[in-house]
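S.K.: Below are the sequence and a predicted model for it; my questions follow.
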Amino acid sequence: MMVFAWRYLPVFFLWLIGLSVLDNALHHISPPVESVAFLAFLPLGAFLVLLWHACRREYGADGARRRFVPWAAVLALLYCTPLLHTLSMPLGLSGQKLIYEFSALAQFAIFVVHARTWFKPWDWAWVFGATLLFGLILENGGIILGVFSEPGFLLYLPGLPAPLATALGWVNVLYCAFFAVERVLPPLPPVGRGLVCSGIGLCLDIPFDPVATRLGWWVWEASLDAAVWGVPVINFAAWFWALFPYGAAYYLARGNGGLGEGKRLGWFVAGFPVILCGEFLGVVATLFLAGDRAGLAVMQKFFSSLGLP
């Protein structure tokens with residue numbers, strides 16, 4: 001059992017993060033963030049789907065159900081325990097922030113160790129090089145655009161407004177997504193893999209952000225309407241458009257057999273501006289279709305500050 005859990009650790013990570021967010025929202029924040037009581041079933045659902053496929057891959061079609069049912073039953077029951085009691089043990093804001101910050105660093109370190117179980121030599125550069133760079137651009141870019149701020153953390157890279165923990169968080173999420181599409185799920189085309197990346201990211205983010213917003217881990221621009229579970233719509237649009245094009249482009253680049261691995265990586269990183277422009281246009285289009293004038297106004301304010309119409 002322990003060998004199976006370690007081999008498929010990124011799958012179990014979805015379960016653990018969902019459980020910790022659910023427990024924190026209901027029992028360590030006053031007043032509780034009650035919306036998370038049902039939002040937290042998203043990471044549980046994603047976990048159960050991936051667990052089923054992991055069992056099929058590990059034990060074959062015949063043994064999958066026999067192994068899946070005990071795992072699913074026990075872990076689903078444990079997952080629901082925060083819903084079964086009313087114990088309240090609120091934690092201070094500074095303590096909450098430190099726990100989050102060091103847990104993100106610890107998760108990154110654990111994934112670096114776990115990567116040794118399945119990475120090929122160039123995978124390290126793609127995931128802990130290119131993807132980390134992209135996460136740094138995304139997180140700091142959101143702050144520079146004026147959408148949110150992330151004050152009061154302990155560790156920042158020199159000259160950057162985003163804390164190290166939130167940039168590493170993008171790598172942590174994408175590591176789980178990459179593992180799912182490469183080691184758990186059936187073969188998918190690059191677009192399908194990109195959708196899996198965005199789906200896993202949103203399953204983790206949708207219950208997480210109401211808690212993070214309540215605790216002030218990120219502070220939204222004051223004009224943004226907190227329209228969905230206390231979180232601006234622009235957040236969820238940005239998560240989808242950050243992960244889907246990146247995941248699809250990542251696997252398109254990796255599948256280009258006409259170039260060597262180093263050249264593929266180089267061209268992929270050089271293409272970041274194109275990917276980012278596509279993501280930005282996707283967010284703007286989503287905000288327009290959703291009628292989120294406040295989100296569009298934030299974007300317009302940024303470009304006006306640059307002297308652009």
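M.R.: Right, received. Where do you want to start? Residues are numbered from 1 along each chain as shown.

S.K.: Run through the residues that contact Glu139.
M.R.: By Cβ atoms under 8 Å, 6 or more residues apart in numbering, Glu139 lies in contact with Glu150, Ala162, Thr166, Ala167, Gly169, Trp170. Quick note: C-beta positions are derived from backbone N, CA and C, even for glycine.

S.K.: If we use 7 Å, what do you get?
M.R.: With contact set as Cβ atoms under 7 Å, 6 or more residues apart in numbering, Glu139 has these partners: Ala162, Thr166, Ala167, Trp170.

S.K.: how long is stretch 265-280 from one end to the other?
M.R.: Stretch 265-280 stretches 22 Å from its first residue to its last (Cα to Cα, to the nearest Å).

S.K.: I'd like the average pLDDT over it.
M.R.: Stretch 265-280 carries an average pLDDT of 95.

S.K.: So which bits of that stretch are buried?
M.R.: Neighbour counts using 16 or more other Cβ atoms under 10 Å place Leu265, Phe268, Ile275, Leu276, Gly278, Glu279, Phe280 of stretch 265-280 among the buried residues.

S.K.: so which of these would you say is closest to Met89?
M.R.: Within the buried residues of stretch 265-280, the smallest distance to Met89 is 39.5 Å, found for Glu279 (Cβ to Cβ).

S.K.: What residues of the helix or strand of the chain with the lowest mean pLDDT count as buried?
M.R.: Taking mean pLDDT, DSSP states H and E as the measure, helix 293-305 is the helix or strand of the chain with the lowest mean score, a mean of 85. Residues of helix 293-305 classed as buried by neighbour count (16+ other Cβ under 10 Å): Ala294, Gly295, Leu296, Val298, Met299.

S.K.: ok now that helix, how far from the chain's centre?
M.R.: 25 Å (Cα atoms, centre = their mean, to the nearest Å).

S.K.: now stretch 249-261
M.R.: In terms of Cα atoms, centre = their mean, the gap separating the centre of stretch 249-261 from the centre of its chain is 23 Å.

S.K.: Compile the buried residues of stretch 265-280 into TSV and extend it with columns for distance to Arg56.
M.R.: Putting those into TSV (distance: Cβ to Cβ, whole Å) gives the following:
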residue	distance to Arg56
Leu265	32
Phe268	31
Ile275	33
Leu276	37
Gly278	34
Glu279	33
Phe280	39
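
S.K.: Tell me which stretches of this structure form strands.
M.R.: Using DSSP state E, the strands of the chain run over residues 148-149, 219-220.

S.K.: and which of the contacts of Glu139 is nearest to His85?
M.R.: For His85, the nearest member of the contacts of Glu139 is Thr166. The distance, counting by Cβ to Cβ, is 31.1 Å.

S.K.: which residue sits closest to the closest one, ignoring its sequence neighbours?
M.R.: For Thr166, ignoring the flanking residues on the chain, the nearest one in space by Cβ to Cβ, 6 or more residues apart in numbering is Glu139 at 5.0 Å.

S.K.: One more: Phe240?
M.R.: With Cβ to Cβ, 6+ apart as the measure, Ser198 is the residue that lies nearest to Phe240, at 5.0 Å, once sequence neighbours are left out.
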